[in-house]
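> based on what follows, work out the 3D shape:
(chains A and B)
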There are 2 protein chains.
Amino acid sequence: MPRRQANIDRVFHALGDATRRAIVERLSQGPISVSHLAQPLNMTLAAVVQHLQILEKSGLVHTEKTGRVRTCRIETSGLTVAEQWINERRATWEKRFDRLGDLLAEPDET
Amino acid sequence: MPRRQANIDRVFHALGDATRRAIVERLSQGPISVSHLAQPLNMTLAAVVQHLQILEKSGLVHTEKTGRVRTCRIETSGLTVAEQWINERRATWEKRFDRLGDLLAEPDET
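Now for the predicted structure:
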């Protein structure tokens, strides 16, 4: 399986969970420490770390440890991969509807 | 859980599988019967139908039976939900970078 394919699998799978989307939503507002991120999520720190690992592997989140604090920030490459895939599909079906529109607009020569 | 949330869960989960994305890719080119759709996928018809059911429940595909033929077509609502969610995240982080840019561009008054 090509690398990009595997990446899309991971990105979409990661985003199929409400908690992981809530994390991405929070991080799109700015970087935050893991402990601050966990506070409103109403789950154990271990569970949050597990979600973060899935998000990090899929290129949606980047975490970095400085001293005793691990900071998370959004990583745009994951969302870009998902965005591109969706845009490609939309482009294909819009082109199809354009062609259909052209056909319907053609003067009837029969 | 609000309805929209549940829907996003389903859409992203459905798209996290390479076969289901291949089906959406094929259908974005135009409607096709289930049996024609299954031909290049190298799996049983039953497996294809199972994938189609997941895609249909998430609002990515619509199927309709006329006589003995079931035809599948793309349903845009599922992809629109995913697209909107990604666009909202992008808007949030781009606004943040704009603010950061403004701050850096301000003349230093100290």
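
> the longest helix that chain A contains vs helix B:76-105, what angle?
In chain A, assigned by DSSP state H, the helix with the most residues is helix A:76-105. Per axes from the mean of the first three to the mean of the last three Cα atoms, to 10 degrees, the angle that helix A:76-105 makes with helix B:76-105 is 130 degrees.

> which strands or helices does helix A:76-105 pack on?
Applying 3 or more Cβ pairs under 8 Å, 6 or more residues apart in numbering or on different chains; DSSP states H and E, we find helix A:76-105 packed against helix A:3-15, helix B:18-27, helix B:76-105. Where C-beta positions appear, they are placed from N, C-alpha and C, glycine not excepted.

> again, only using 7 Å
helix A:3-15, helix B:76-105 (3 or more Cβ pairs under 7 Å, 6 or more residues apart in numbering or on different chains; DSSP states H and E).

> just those helices: most buried one?
helix A:3-15 (a mean of 18; mean count of other Cβ atoms under 10 Å in any protein chain shown).

> just for chain A, where's the confidence low?
Where chain A drops to pLDDT under 70, the residues are A:1-6, A:108-110.

> which parts of it sit against chain B?
Taking Cβ under 7 Å from any Cβ of the partner chain as the contact definition, chain A meets chain B at A:5, A:8-9, A:12-13, A:15-16, A:18, A:21, A:24-25, A:28-30, A:74, A:79, A:82-83, A:86, A:89-90, A:92-93, A:96.
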